[in-house]
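Chemist: Give me coordinates for this.
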Amino acid sequence: MSRRNTEAERRRRLLTRTLPLALVAIVAFVAGAAIGAPGSPGKDAANRFVAAWAAHDFKAMYRELNDSSRAAVSRKAFATAYRDAELTATQRGLVAGSAQNPLSREGTTVVPISVLISTVAFGRLEDEIDLPYAEGGIDWDASLVFPGLRAGEKLEAAVELAPRAAILAGNGEALAEGPVTEREHPLGSAMIDVTGEVGEAPEEDEALLARQGYPPETPVGISGLESAFNRRLAGKPGGKLLAVPVKGGGTPRTLAEAKPEAGAPVKTTIDPALQDVAVGALAGRAGGIAALDAKTGDVRALAGQAFSAPQPPGSTFKMVTTTAALQNHVVSLEDEFEINNGINVGGRFLNNANGEYCGGTFRQAFAQSCNSVFAPLGPKIGNDALVGTAERFGFNSPPTLYAPQIVREVEPAESTIPKEIGAEVDLGVSAIGQGEVLATPLEMATVAQTIANGGVREPTSIVNNKKLRPRPESTRVMSKKLAGELTELMVGVVTEGTGTAGAIPQAQVAGKTGTAELGPKPGQEHAENPVQIKDAWFAAFAPAEKAKLAIGVLLIEAEAAGGEVAAPAAAEVLGAGV
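Modeler: Numbering: from 1, shown residues only. Take a look at the predicted model:
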C-alpha cells in the first residue's frame, strides 16, 4: 500500500472514531441550551414551584401563582388542597425533573415537567404535569394538586385493606385473629389485656394513619399490641387511586393501582393459661399484675394496668433500699434495732403501719416491714447510692417490652425516683417507697426477677420475634451472695411476716408486701386519725431456691394492706405458674 493510501486510511479511521463523540457533544449543547436558556420566566417559575412542592413548602409554592390565581384561592385553602391530596394518595415523597421549554397548547402557555410520586398504598406514580403560565406566574387550578388529574377532576382513593395478621401466644395459639372489622380472641377475653383492641383511631392520629393508607374511620389498633404493632399486623393496604369528575356523571379514571400485602404475625412470650389466671386474680379491680420468667425476664402474663399508671410502691421498695444498704455496708443482717412504733427522721415523725411496734434483728424488721428501721437508712445510704441502686433495677428508664415501634407510641410508663431526692426526711420517705418514688407492677416484678436470678436483671420482652425484641443486655445489679441474702429475707416475709397470705402449697415463695398511703379519704382530712387511701402491693418469686416465676401485684385504692389483698392475688398466679 502506498504512503498516500495509508495516510488516507488513517484519517478515515480517526473520523469514524471521533464523529459519534462530536454528535454527542452537539446534542448535549443543544439540550443544555434549551433547558438553561435565559429569558424563560415560565421555566424558572415552574422549577421554583416544583422544588417548593418537593420540600412541602406550600407558602413558597403559593408565591409563584399569578395575581388572578391568588385572588381565586387563599393561601390556606391552597395548602389544604395539597395536604388533602397527599393524604388521599398516601404520598410519602415527591421528586421532580427540570422544567421543559414552554409550549402553547390550545392557546395556553404551559411548562411541562415530570413528577415522580411515591405512595404507601398505590406504589410509584410517574407522570408529566403541565403548569399553565400566564400574567407573570403559575395560572393555578385545583387539578394541579396531583399529576394525572385533568380540569374538573378530583382525587379519590378506593382503599382495599390487607388481611390482618394474628397475635400469637408463646405456644403458637392465637390470642387475637381475624379481620380488623371482626377481631376475635379464641382463648377468651382475658387475652385482651395483652393484645389490646382495634377500633376507630383518635382524631389526632388520623393524619398519620391516612399517610399510611388508612382512611378515616378505618379500624386500626388502638391499644396494647394491636396498636404498638399496628403497621406490622395490618400489612400494606392497596386499591385504586382515582381521578373522579367533580360534577359526577363521568367515569372515574385509574391513576395508580396496587394489591394489598398481608400483615405479619406477632408472636408473644405470653402463657395463655397464666394470663387467664392473672386476669381472674385481678378480678376487675383497679390495678395490675405482671408475671415474668424469673430467669429470662420474658413476660408471661399482664393484667390491668401492669405497665401504666405508676403509683408509690410502698414497702416493696424496701427490696431496693435493702440492696443499697447491704452493698454500702450501712446495715448487716445481724444488726439489732429498738422496738418502736415510729421514728423521727429529719424533723418528721414517720409511723409504722397502723402505729404498730416492731424492731429486733434486721431480718425481723424486714419481715415485719418496720418503717422505724428502714426510714433512717435513706439518709445513711445517701442520695447517689439509693438512686443509683434503683436505676440499676430499672427505675428512670423505659421498660423494654419490645423494640421501638413506628406507628404509634404505646410505650410502657417509666418507674421513677428523683435524681436529687432532697432533704434528710425526703430520703427517709423515699427509702420506704413513698414521697416521689413511683413504680408499676412490671417494675416491681423486675425487682423480684433480679433477686431471683442471682442479682441479674433481664430485659422484660413480651415478643419472641427476634427483630421485635428489645436490645438491652443483662444488668448485674448485685452479687449472687447478696441476692441470696435478699431471698432469705423475702422468705421470712412469707413464712412469718406480713406476707403469709402469699404462700402456696406447690413451692416456697419469697416476697415483699407494700402498702402505700396516699392521703386521707374524702371527708377525713381533719379527723384525728384519718382513714387513709391505700395502694396494696406484693412482689415475689417462686420457688425460692430455683425460681421459675416472678410477679408484681398492685391494687389501687384498696380497702386493706398489701399482705391482705395483693399477696393472695399473687399466690393464685404463682400457684398456677410453678
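Chemist: Could you check how far residue 310 is from residue 418?
Modeler: Noted for residue 310: a distance of 13 Å to residue 418, by Cβ to Cβ, to the nearest Å. Where C-beta positions appear, they are placed from N, C-alpha and C, glycine not excepted.
Chemist: out of everything not next to it in sequence, what's closest to residue 83?
Modeler: Leaving out its chain neighbours, the residue that sits closest to residue 83 by Cβ to Cβ, 6 or more residues apart in numbering is residue 58, at 7.8 Å.
Chemist: who has more neighbours, residue 310 and residue 418?
Modeler: Taking other Cβ atoms under 10 Å, residue 310 and residue 418 do not tie; residue 310 has more neighbours (20 against 15).
Chemist: who touches that one in this structure?
Modeler: When contacts are counted by Cβ atoms under 8 Å, 6 or more residues apart in numbering, residue 310 touches 413-416, 438-440, 443.
Chemist: From those, which land in helices?
Modeler: Members of those lying in helices (criterion: DSSP state H): residue 443.
Chemist: can you list the contacts of residue 310 in CSV and add pLDDT, distance to residue 174 and neighbour count?
Modeler: Shown next, in CSV, are the contacts of residue 310 (pLDDT from 0 to 100; distance: Cβ to Cβ, whole Å; neighbours: other Cβ atoms under 10 Å):
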residue, pLDDT, distance to residue 174, neighbour count
413, 90, 28, 17
414, 93, 31, 17
415, 97, 32, 28
416, 97, 36, 17
438, 97, 35, 20
439, 98, 32, 34
440, 97, 27, 25
443, 98, 29, 31
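Chemist: Please enumerate the helices of the stretch 1-150 of the chain.
Modeler: Taking DSSP state H, counting those that start in this stretch, the helices of the stretch 1-150 of the chain run over residues 3-36, 41-54, 58-63, 67-72, 75-89.
Chemist: burial of residue 472, as a residue count?
Modeler: With other Cβ under 10 Å as criterion, residue 472 counts 17.
Chemist: And the closest residue to residue 185 other than its chain neighbours, what's its pLDDT?
Modeler: Among residues not flanking residue 185 along the chain, residue 191 sits closest, at 4.8 Å (Cβ to Cβ, 6+ apart). Note on residue 191: pLDDT of 97.
Chemist: before we move on, what about the one 4 residues further on?
Modeler: At residue 195, the model reports a pLDDT of 96.
Chemist: Okay, and the residue nearest to it when sequence neighbours are not counted sits in which element?
Modeler: Distances taken as Cβ to Cβ, 6+ apart put residue 176 closest to residue 195, at 4.2 Å, once the chain neighbours are dropped. Per DSSP states H and E: residue 176 is located in strand 174-176.
Chemist: What pairs with that strand, parallel or antiparallel?
Modeler: If you go by DSSP bridges, strand 174-176 pairs up with strand 167-168 (antiparallel).
Chemist: Of the helices of the stretch 1-150 of the chain, which shows the lowest average pLDDT?
Modeler: Among the helices of the stretch 1-150 of the chain, helix 3-36 scores lowest, with a mean of 36.
Chemist: give me every residue that touches residue 372.
Modeler: Residue 372 neighbours (Cβ under 8 Å, 6+ apart): 337-338, 340-343, 350, 352, 358-359.
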